[in-house]
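>>> 3D, please:
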Amino acid sequence: MQEIHSEAENIENLSQCIIDAFKKMDVQEGQVLTYQELYPYLQEKYPKYKDVQTQAEQHLVKTGVVNPAPDGLMLTQVGGQRLYGN
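Modelled structure (predicted):
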């Protein structure tokens, strides 16, 4: 994924990359994608993810796609519908 110099674009692109990770790892509604699983994916797809990770996660929480979990991010019902159309 191409890195953009605008912080807002970086946040949006990283948010999409996180969503892609949920789909690639077949995480379903109510399940948690752990940081242990997520970080290697982000490192490969978006190496500068640490620059905007917190903001991207907050964006996904605000849009209702994920909820924070102690060890990662939990896919919500809204997130499941967005990813899988259920």
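
>>> what's the burial count for the closest residue to Gln31 other than its chain neighbours?
Sequence neighbours aside, Leu75 is the residue nearest to Gln31 in space, at 6.0 Å (criterion: Cβ to Cβ, 6 or more residues apart in numbering). To be clear about C-beta, it is placed using only N, CA and C from the backbone, and glycine gets the same treatment. Residues lying near Leu75 (other Cβ atoms under 10 Å) number 25.

>>> what does the one 3 residues further on give?
Using other Cβ under 10 Å, Val78 has 13 neighbouring residues.

>>> correct me, but the residue nearest to Gln31 touches Met25?
No: Leu75 is beyond contact range of Met25, at 10.2 Å (criterion: Cβ atoms under 8 Å).

>>> residues that sit against both of those two, list them.
Listed as contacting both Leu75 and Met25 by Cβ atoms under 8 Å, 6 or more residues apart in numbering are Leu33.

>>> where does this structure have low pLDDT?
Segments of the chain classed as low confidence (criterion: pLDDT under 70) are 1-5, 86.

>>> could you pull up the residues touching the residue nearest the centre of it?
The centroid of the chain falls nearest to Ile18 when counting by Cα atoms, centre = their mean (2.4 Å). Shown in contact with Ile18 (Cβ under 8 Å, 6+ apart): 38, 42, 56-57, 60, 66, 73.

>>> so which strand or helix has it?
According to DSSP states H and E, Ile18 maps onto helix 7-24.

>>> export only the CA atoms of that helix, formatted as CSV.
Coordinates of the C-alpha atoms in helix 7-24 are reproduced here as CSV (Å, rounded to 0.1, in the frame of the first residue of the first chain):
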residue,chain,number,x,y,z
GLU,A,7,-1.6,12.6,7.9
ALA,A,8,-5.3,12.3,7.2
GLU,A,9,-4.7,10.1,4.1
ASN,A,10,-2.2,8.0,6.1
ILE,A,11,-4.9,7.4,8.8
GLU,A,12,-7.5,6.5,6.2
ASN,A,13,-5.1,4.2,4.3
LEU,A,14,-3.9,2.5,7.6
SER,A,15,-7.5,2.1,8.6
GLN,A,16,-8.2,0.3,5.4
CYS,A,17,-5.1,-1.8,5.8
ILE,A,18,-6.4,-2.9,9.3
ILE,A,19,-9.8,-3.8,7.8
ASP,A,20,-8.0,-5.8,5.1
ALA,A,21,-6.1,-7.7,7.9
PHE,A,22,-9.4,-8.7,9.5
LYS,A,23,-10.6,-10.0,6.2
LYS,A,24,-7.4,-11.8,5.2
